[in-house]
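Enquirer: Pasting a predicted model and its sequence here:
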Amino acid sequence: LRQGANVIFACRDEKKTKEVIASLESSELQSRATFIKLDLCSFASVIKFAEECKSRFKIIDILINNAGMLNVEGFKLTEDKIETSIQANHFGHMLLTQLLFSSINKEEGRIINISAVGHTLYKLDIEKIKALQNNLDFAAINWSGVKAGFNEYCYTKLANIYYTDYLSNVFQDKYSGIKAMSVHPGGVN
């Protein structure tokens, strides 16, 4: 905002977000801050957000996918029948990126996926991955034996990195002006 950008606050909680916008130090900054409701645990919300965003903003220069949900309450499914942390941290962002792609600045757009150094702590279980290969029954997935937690969070952050790598390869050949990157917040080299 201080550099002159229009910023879309894509958040679940309208009241809290509008309080943050109202707390900005000037009305000029506030005027360039826009709240649009987004709940990544609902594909319907992602679709609605993308439609509203595209109707209000013709070009998106930077898309920052920044969810970091760690489900400590135990295994829980979203309304889309997907485990909450993988939907909020990964699949919601994938859908959002695809839906907004037509609006991404093709000359110098950026897609930034916030990952986490925690991706290195994921305990890879090849047999579980093989079992999922032809059966994506998210209601039946019991990733770690405790049905949710830190290992699942780490998995979602690893998925962010793989998806970013995929986007980078696609853009290199077809949309060289767009860059996709994943970063760990804070300690960025």
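Expert: Okay, I see it. Keep in mind that what you see is a predicted model, and the values were worked out from it rather than measured. Numbering: from 1, shown residues only.

Enquirer: longest single helix anywhere in this protein?
Expert: helix 150-174 (DSSP state H).

Enquirer: Now do that helix: distance to the chain's middle.
Expert: Here helix 150-174 shows a centroid-to-chain-centroid distance of 11 Å under the convention Cα atoms, centre = their mean, to the nearest Å.

Enquirer: Could I get the full set of helices for the protein?
Expert: 14-22, 27-31, 43-56, 84-86, 92-100, 126-132, 150-174.

Enquirer: So which of those helices is the most surrounded?
Expert: helix 84-86 (a mean of 23; mean count of other Cβ atoms under 10 Å). Where C-beta positions appear, they are placed from N, C-alpha and C, glycine not excepted.

Enquirer: Show residues contacting that one.
Expert: Defining contact as Cβ atoms under 8 Å, 6 or more residues apart in numbering, one finds that helix 84-86 is touched by 41, 69-71, 76-78, 138, 148, 152-153, 155-156, 159.

Enquirer: Name the nearest of the residues you listed relative to A180.
Expert: Distances from A180 to those, taken as Cβ to Cβ, are shortest for A159 (14.1 Å).

Enquirer: Can you name the residues that contact the closest one?
Expert: Applying Cβ under 8 Å, 6+ apart, we find A159 in contact with 86, 89-90.
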